[in-house]
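Colleague: quick one, fold the following:
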Amino acid sequence: MILTVQGKAAYVYNGGKPFDPTLPTAVFIHGAEHDHSVWALQTRYFAHHGFGVLAVDLPGHCRSAGPALTTVPALADWLAALLDAAGVQRAFVAGHSMGSLVALDFAGRYPERVTHLALLATAMPMAVSDTLLDAAMNREPDAIRMVNQWSHSTFAAKPSCPGPGFWLHGMNQRLMERVSANGEPRLFHTDFTACNAYADGLARAAQVRCPTRLVVGRLDAMTPPRAARALTDALAQTGVSIEVDTVTLEAGHALMTEQPDATLDALFSFATKPASAAR
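Modeller: Now for the predicted structure:
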């Protein structure tokens, strides 16, 4: 589905069913140099089990028009405008990696618009090394190879998405190469710089007013579980009674493909839990 957001075309995947804004809405936000397709299994399940699904391509990524936005707050404001364009007031919001920062900033500054918040493979701060920033600026194919290697703890998905023995490294590398080829120059560097520069996460966490679940990979080399502890502490000290919990999966950074069913279980069980029961 194509929406007009801030005057530009924005693509959202609806999980294989027409979007119905009268249903509970689930929003999925991808990470750096990716697109909506990283949520393939999870979004289809949500769409066929009672939710309207909006899995976004962020500006400048694949089917959404550029230019790419350069800061996390700008992306959060874009998300608010996207919900307006879709006719949605409140939604379950899930973000992976860079997308988790967008989801967090959105939930902190637009608390009335989020029913439940899920942060996958997150960290605060989400620092990016100078070496990786340099590669993303000057040798993007090298940056793609490095991130692809660091994102996975295995070659095959568990147990069966999209099929036994499926080669996760190859799939993810081709996706990032396609995003690079279809996007503006140095898109990976733009995304990484936004992550590296974002310093408002703990302040935004203190403004969150909805149940929040962190989903982390025990084997994650990009955003290891310990990197989310400050964020967990900040969420737990908001001054209001909200549920905050963490689900740890046997996976690396690429949670949605390495542990597709476990990721789905962590998200769907949380999104369908009445918010009032978590207080």
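Colleague: hey, let's count contacts and neighbours off CA atoms from now on
Modeller: OK.
Colleague: gap between residue 97 and residue 30?
Modeller: 7 Å (C-alpha to C-alpha, to the nearest Å).
Colleague: do the same with residue 71
Modeller: In terms of C-alpha to C-alpha, residue 71 sits 15 Å off from residue 30.
Colleague: how far does the helix or strand that contains residue 10 sit from the chain's center?
Modeller: Counting by DSSP states H and E, the element that carries residue 10 is strand 8-13. Counting by C-alpha atoms, centre = their mean, to the nearest Å, strand 8-13 is centred 16 Å from the centre of its parent chain.
Colleague: beyond that strand, next helix or strand please.
Modeller: Later in the chain than strand 8-13, the nearest helix or strand by DSSP H and E is strand 25-29.
Colleague: by contact count, what packs against that next one?
Modeller: Here strand 25-29 touches strand 52-56, strand 91-96, helix 98-109, going by 3 or more C-alpha pairs under 8 Å, 6 or more residues apart in numbering; DSSP states H and E.
Colleague: would you list those in CSV and tack on mean pLDDT and distance to residue 255?
Modeller: Compiled in CSV, the helices and strands packed on strand 25-29 are given as follows (pLDDT from 0 to 100; distance: least, C-alpha to C-alpha, whole Å):
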stretch, mean pLDDT, distance to residue 255
strand 52-56, 98, 16
strand 91-96, 98, 9
helix 98-109, 98, 13
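Colleague: turn those into a markdown table, including distance to residue 150 and mean neighbour count.
Modeller: Compiled in a markdown table, these are given as follows (distance: least, C-alpha to C-alpha, whole Å; neighbours: other C-alpha atoms under 10 Å):
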| stretch | distance to residue 150 | mean neighbour count |
| --- | --- | --- |
| strand 52-56 | 24 | 27 |
| strand 91-96 | 15 | 25 |
| helix 98-109 | 15 | 27 |
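Colleague: distance to residue 65 added to those, as JSON lines?
Modeller: Output for those, formatted as JSON lines (distance: least, C-alpha to C-alpha, whole Å):
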{"stretch": "strand 52-56", "distance to residue 65": "12"}
{"stretch": "strand 91-96", "distance to residue 65": "20"}
{"stretch": "helix 98-109", "distance to residue 65": "18"}
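Colleague: and these: which comes nearest residue 273?
Modeller: Nearest of the helices and strands packed on strand 25-29 to residue 273, taken as C-alpha to C-alpha: strand 91-96 at 10.8 Å.
Colleague: ranges for the helices of the stretch 51-200 of the chain?
Modeller: Counting by DSSP state H, counting those that start in this stretch, the segments of the stretch 51-200 of the chain that form helices are 72-86, 98-109, 130-138, 140-151, 168-182, 187-197.
Colleague: indicate which one of these is closest to residue 265.
Modeller: Closest to residue 265 of the helices of the stretch 51-200 of the chain, according to C-alpha to C-alpha: helix 98-109, at 18.1 Å.
Colleague: what residues does that closest one touch?
Modeller: Identification of contacts with helix 98-109 by C-alpha atoms under 8 Å, 6 or more residues apart in numbering yields 29-32, 72-73, 75-77, 79-80, 93-95, 113-114, 117-122, 191, 195, 200-201, 204-209.
Colleague: that one to helix 72-86, inter-axis angle?
Modeller: 80 degrees (axes from the mean of the first three to the mean of the last three C-alpha atoms, to 10 degrees).
Colleague: so how far is helix 98-109 off the chain centroid?
Modeller: With C-alpha atoms, centre = their mean, you get 9 Å for helix 98-109.
Colleague: next: stretch 179-189.
Modeller: Mean-position distance between stretch 179-189 and its chain equals 18 Å (C-alpha atoms, centre = their mean).
Colleague: list the buried residues in that stretch.
Modeller: 179-180, 183-184, 186-189 (16 or more other C-alpha atoms under 10 Å).
Colleague: what's the neighbour count on the residue lying closest to residue 218 once chain neighbours are set aside?
Modeller: The shortest distance from residue 218 to any non-neighbouring residue, by C-alpha to C-alpha, 6 or more residues apart in numbering, is to residue 250 (5.5 Å). If you count neighbours by other C-alpha atoms under 10 Å, residue 250 ends up with 15.
Colleague: ok, back up a step: so which elements touch the strand holding residue 10?
Modeller: Against strand 8-13 (3+ C-alpha pairs under 8 Å, 6+ apart) you get strand 2-5, strand 52-56.
Colleague: JSON lines please, covering the buried residues of stretch 179-189 and showing distance to residue 227 and pLDDT.
Modeller: What follows is those, written out as JSON lines (distance: C-alpha to C-alpha, whole Å; pLDDT from 0 to 100):
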{"residue": "179", "distance to residue 227": "27", "pLDDT": "96"}
{"residue": "180", "distance to residue 227": "28", "pLDDT": "94"}
{"residue": "183", "distance to residue 227": "30", "pLDDT": "85"}
{"residue": "184", "distance to residue 227": "30", "pLDDT": "89"}
{"residue": "186", "distance to residue 227": "26", "pLDDT": "94"}
{"residue": "187", "distance to residue 227": "25", "pLDDT": "96"}
{"residue": "188", "distance to residue 227": "22", "pLDDT": "97"}
{"residue": "189", "distance to residue 227": "21", "pLDDT": "97"}
